[in-house]
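Engineer: here you go, sequence then predicted model.
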Amino acid sequence: MEFDFVEYGSLSPFTQQTVVSGIGRDVCRRLMDDPGVRYLIDSRQRTYDLLITEGFFYVCFLAFSHKYRAPTVLTCAFGGGGSWNNHPMGNPYPLAYLPEAGLAYSSSMSLFQKTYNTLFSLAINLHRVLVYFPVMDEMDLQEFMDAAAEGVIYFSMGSNVKSTDLSEEVRAVFLKTFARLRQKVLWKLEGDSLPNQPANLRISSWFPQSDLLGVAVAAHRNMRLFITHGGMVRVLEALYAGVPLLGFPIFGDQVWNLLRARDSGYGLVLHLRNITQESFDWAVNELMTDPRYAENARKLSRLFHDRPEPPLETAVRSVQ
């Protein structure tokens, strides 16, 4: 890939930051497909005492620090790295006398320059959180799902009900079942860690659900089951994607929504108040092994999509 450094030098400092963050994203995507890097990702036997990695917008490699539970040395020849690289390491970066990389300031800044330096730092770090990190997360998630030859189960109790509010006994039931599965599991679970987390399970407080279930784009080919509380929007997302449901209704219309899915042949309903290891094992196995549930979900999805005009146009025309 050719890069015009002369043209790059004429860009504004903020645009320069967004350009190099995009380059870092593309480099990460390519290197994650490298056989040597793939070996490090998939290895469960090797251990390391220290991770030394380049910090020039290639934060994807910091995941190895987590995987191997090794301390990290971050190197960067990019003007000291700026707050972008110092904050993740816990290093102070006082903006009153340390200009961000790309700004033509010295350590003796005027009040205006200090203010601009602070606002500029805020802007690039907001870009990091709102744009750069979500893209990196999606890359990682894409690899996780692409590698799931036996399929993926997605488990989310929505935005109002938190999985951490469930009793330890109920969570233990879920965890024990997930550990036995050949499929990979995505569990929307608040918190950074889960004791005894099996290798096939990934947790996060947020997943791009509309992408997983195909509301924004085509549903991922490896999606096999959606475990949900049964809100209307969640049921419609599963119907849109043609994915079977396992529901745990909590309140409101959720039980009615899930009973309709059950009676339509593409879902099952359990209740948290009397769930057992045997009932959850049975329900997941039933939905994953009996092809009728997936066939009914796909058939109903085709009917759902078979309409004379897009839903948005229908809504606009009806309002007009």
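Structural biologist: Okay, I see it. Residues are numbered from 1 along each chain as shown.
Engineer: where do the helices of the stretch 151-300 of the chain begin and end?
Structural biologist: Ranges of helices within the stretch 151-300 of the chain are 168-180, 209-212, 232-241, 254-263, 277-289, 291-305, based on DSSP state H, counting those that start in this stretch.
Engineer: next, format these as CSV and append distance to residue 120.
Structural biologist: All C-beta spots, glycine's among them, are computed from the backbone N, C-alpha and C. Shown next, in CSV, are the helices of the stretch 151-300 of the chain (distance: least, C-beta to C-beta, whole Å):
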stretch, distance to residue 120
helix 168-180, 44
helix 209-212, 32
helix 232-241, 39
helix 254-263, 47
helix 277-289, 50
helix 291-305, 46
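Engineer: comparing the ones you listed, which yields the minimum mean pLDDT?
Structural biologist: Among these, helix 209-212 has the lowest mean pLDDT, at a mean of 63.
Engineer: before we move on, the earlier item: and residue 154, which of the helices of the stretch 151-300 of the chain is closest to it?
Structural biologist: The closest of those to residue 154 is helix 209-212. By C-beta to C-beta, the value is 5.6 Å.
Engineer: average pLDDT for stretch 104-117?
Structural biologist: 91.
Engineer: offset the numbering so it begins at 14, please.
Structural biologist: Yes, from this point I'll number from 14; that puts the last item at stretch 117-130.
Engineer: just the buried positions in whichever helix in the chain runs longest, please.
Structural biologist: Among all segments of the chain classified by DSSP state H, the helix with the greatest residue count is helix 26-44. For helix 26-44, a neighbour-count test (16 or more other C-beta atoms under 10 Å) marks 26, 29-31, 33-34, 37-38, 40-41 as buried.
Engineer: what's around the closest residue to residue 214 other than its chain neighbours, how many residues?
Structural biologist: In space, residue 214 comes closest to residue 198 once its chain neighbours are excluded; the distance is 4.7 Å by C-beta to C-beta, 6 or more residues apart in numbering. Residues near residue 198, counting by other C-beta atoms under 10 Å, number 24.
Engineer: how about residue 198, what does it touch?
Structural biologist: Residues near residue 198 by C-beta atoms under 8 Å, 6 or more residues apart in numbering: 165-168, 191, 213-215.
Engineer: how about 6 Å then?
Structural biologist: Contacts for residue 198 (C-beta atoms under 6 Å, 6 or more residues apart in numbering) come out as 166, 191, 214.
Engineer: my read: the first one touches residue 239, true?
Structural biologist: It stands for residue 166. No - Residue 166 is not in contact with residue 239 according to C-beta atoms under 6 Å; the separation is 7.8 Å.
Engineer: just the residues contacting stretch 102-118, thanks.
Structural biologist: Stretch 102-118 has contacts (C-beta under 6 Å, 6+ apart) with 26, 29, 87, 91-92, 95-96, 99, 120, 126-127, 130-131, 133-134.
Engineer: now do stretch 312-331
Structural biologist: By C-beta under 6 Å, 6+ apart, stretch 312-331 touches 252, 255.
Engineer: residue ranges with poor pLDDT in the stretch 114-263 of the chain?
Structural biologist: Low-confidence regions of the stretch 114-263 of the chain, defined by pLDDT under 70, span residues 147-154, 205-206, 221-233.
Engineer: same thing but 50
Structural biologist: Applying pLDDT under 50 to the stretch 114-263 of the chain flags residues 228-231.
Engineer: please name the residues that touch the residue nearest the centre of the chain.
Structural biologist: Nearest residue to the geometric centre of the chain (C-alpha atoms, centre = their mean): residue 220, 4.0 Å. Contact analysis of residue 220 by C-beta under 6 Å, 6+ apart lists 199, 201.
Engineer: per-residue confidence at residue 26?
Structural biologist: 83.
Engineer: gap between the closest residue to it other than its chain neighbours and residue 71?
Structural biologist: Among residues not flanking residue 26 along the chain, residue 115 sits closest, at 3.9 Å (C-beta to C-beta, 6+ apart). Residue 115 sits 18 Å away from residue 71, going by C-beta to C-beta, to the nearest Å.
Engineer: hang on, the earlier thing: mind checking the helices of the stretch 164-313 of the chain for the one nearest to residue 159?
Structural biologist: helix 222-225 (12.8 Å).
Engineer: got the CA positions of the helix or strand hosting residue 98 in PDB?
Structural biologist: Element membership for residue 98 (DSSP states H and E) is helix 95-99. C-alpha atoms of helix 95-99 as PDB (Å, rounded to 0.1, in the frame of the first residue of the first chain):
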ATOM      1  CA  GLY A  95       0.900  11.100  23.500                       C
ATOM      2  CA  SER A  96      -2.000  10.300  25.900                       C
ATOM      3  CA  TRP A  97      -3.200   7.600  23.400                       C
ATOM      4  CA  ASN A  98      -0.400   5.300  24.400                       C
ATOM      5  CA  ASN A  99       0.300   6.500  28.000                       C
END
